[in-house]
Each structure stands twice: as structure tokens, then as C-alpha cells.
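>>> Structural data only, the sequence is not supplied:
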């Protein structure tokens, strides 16, 4: 079969064998792949040097993980800007449930309290 | 002799312990400096050049999330693929997360772990699977609804062979009614 009906989606990726980029052997692609491999090899070497260092006593900290943590926690508010989408989401998922639950509890209390 | 050796070794362990201790204030708790941390969306060419280097990425691969106030800053937008898809046979630095040291981590890494969301290729496309499942469910719902509208029951009554003696006598007294 020279074609496939398979379409990728958010929760189902395209297999590598069906991806035309996998069969791209142009020099630019090859150069980019080599560059990526060089970066990976450098990182691997740095990690293994630390890992196998006989004088190392503690954990090896991962700057990528620290950056990830920082980006998800401390770096969130400085990059916040109120937009229509933000405000709508905040109102819908932040304030909405509070108001709804308060109203619900009040109505339940009045019903249970009786006339 | 053994006691003397033990005494000698007993002196050596505090020395070894002190070799690993550094006087307070001589080094920081972390080797990460301020320029290695994420910042806001890159607006200058210098920012665009520094960001992929900071994240250990190639310049062509670096693509930040769009700057629409959703608080991503200059964090790279990596392909939304879960850790299930990574090669299980490669010797990762962190095998359970299938992650290497220093590798740019996906923003939603905690969602894409191997305990959670899986984006592996499915045997059939997603839309085909949805069509098959919901088509079958819809068809069965329709059939059950039709069955509800036009119920079909067997005619009431029991064959006398299967009745108990009491019921047989009762049936005979009632004149062989079918109830």
C-alpha cells in the first residue's frame, strides 16, 4: 500500500514509518539531525562525568528540571496579561464554582431548615 | 591487634566525613545562575538567540508558546507527545521518565508521564474509532428505544406438566384456566 488513511490527532500520534519527514534525507535535514545529536551527546557527557565522579557525594541537579519548575511556578505571574480569554477562563473556572457552590449550599440549608 | 585496628579506623572516619564538608558560605546550594532561568517572551534578537542556547536546543527547533498572556514566557513549545512514545530500549538517564539530563522538558511533562496521558499511535485513526464506538452505541440505543416502544411478550400461561401437584389441582378446580 503506497498510502494510508491514518490521520494523526492530539491523542494519537503518527507512527514514524508513516511520517514523510522520516524519509527526508536532504543535506539540511541531515545537518540538523547531526546538530541535535551533538547537543544530546554533549549533555550526556556532562551528565556521565558528574555521575561517575568518585568525589561526588550528593544528587546531580538537573537545570532543565529546575527551569521547568521555575517556569511553571515563579515565572507565571510576571508573564500574565489580562486578555479576554484569560478573563473568561478565570471567571468561569475560578469565580463561577464558588458562587455556584455557595448558592447550592444556601438553597440546601434553607430546604433542610424547613418552613 | 583487632582492637588497635578498629581504633585506627575509628579515627579515620571523621576525617573522611570532614573531607566532604565545606565551610558554610563557601558554595551555593545550586549551580543554576539567574541567566539560566526562564524569562518572558523574547522580544529582542539577543533574546531570540539566547533562549535556545539556554534550553539546550537547536535554534531551528526553538519555538516559544505564542505571547497571548497565557503566562508561558519564553518556554519552548515542544511537540505534544507523551513519554510513552519514547524508545524504551535506549538508556535514558531517568528511565522511568524516559528523560535525559539537561534535555528540554515539555511544559506538560507531568501530564505526559507513563502513568497518565498516552499519545501513542493507535491501530486506527481517532475519528474512525470514535465513529465506530459512537455509531454502535447510537445504534443500540435506537434499537432498545424501538423495543421499548413496541414490546413483545410471550403469551401468559404454563404447561401443566411443569406445575407442582398443588398448582395442578388448583388449575383443575378452576376449570383448566390458563392462568
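Done, it's in. Being a predicted model, the structure only gives us computed values, none of them experimental.
>>> helix or strand for the closest residue to residue B:102 other than its chain neighbours, which one?
Residue nearest to residue B:102 in three dimensions, not counting chain neighbours: residue A:43, with 4.0 Å by Cβ to Cβ, 6 or more residues apart in numbering or on different chains. Any C-beta I mention is one placed from the backbone N, CA and C, and that applies to glycine too. According to DSSP states H and E, residue A:43 maps onto helix A:27-51.
>>> What lies in contact with whatever helix or strand comes next after that helix?
Downstream of helix A:27-51, the next assigned helix or strand under DSSP H and E is helix A:63-72. Residues outside helix A:63-72 that contact it (Cβ atoms under 8 Å, 6 or more residues apart in numbering or on different chains): B:30-32, B:36-38, B:54-56, B:72-73, B:75, B:101-105, B:107, B:109.
>>> before we move on, what about stretch B:167-178?
By Cβ under 8 Å, 6+ apart, the residues outside stretch B:167-178 that reach it are B:156-158, B:160, B:163.
>>> ok, back up a step: could you give the angle of the helix holding residue A:43 to helix A:63-72?
On the basis of axes from the mean of the first three to the mean of the last three Cα atoms, to 10 degrees, helix A:27-51 is oriented at 100 degrees to helix A:63-72.
>>> mind checking pLDDT for residue B:120?
For residue B:120, the pLDDT comes out at 93.
>>> give me the low-pLDDT residue ranges for chain A?
For chain A, residues meeting the criterion pLDDT under 70 lie at A:1-3.
>>> Show me how it divides into domains.
Split into domains by automatic domain parsing, chain A comes to A:15-80, A:82-115.
>>> In stretch A:76-93, which residues are buried?
Along stretch A:76-93, these residues count as buried under the neighbour rule (16 or more other Cβ atoms under 10 Å in any protein chain shown): residue A:79.
>>> do it and chain B meet?
Yes. Among the residues of stretch A:76-93, A:76-83, A:85-86 lie within reach of chain B under Cβ under 8 Å from any Cβ of the partner chain.
>>> does stretch B:109-117 come close to chain A?
Yes. Using Cβ under 8 Å from any Cβ, stretch B:109-117 reaches chain A at B:109, B:117.
>>> Kindly check the end-to-end length of that stretch for me.
One end of stretch B:109-117 to the other measures 10 Å (Cα to Cα, to the nearest Å).
>>> How about residues contacting it?
By Cβ under 8 Å, 6+ apart, stretch B:109-117 touches A:11, A:68, B:80-84, B:96-99, B:106, B:119.
>>> And that stretch, what's buried?
Per 16+ other Cβ under 10 Å, stretch B:109-117 contains these buried residues: B:109, B:112-113, B:117.
>>> And for stretch A:107-115?
Buried, per 16+ other Cβ under 10 Å, within stretch A:107-115: nothing.
>>> could you pull out the helices for chain B?
With helices called from DSSP state H, chain B shows them at B:2-19, B:45-54, B:126-149, B:165-173.
>>> and residue A:18, how many neighbours does it have?
The number of residues packed near residue A:18 is 14, by other Cβ atoms under 10 Å in any protein chain shown.
>>> Hmm, I typed the wrong one, I wanted residue B:119.
Residues contacting residue B:119 under the criterion other Cβ under 10 Å number 19.
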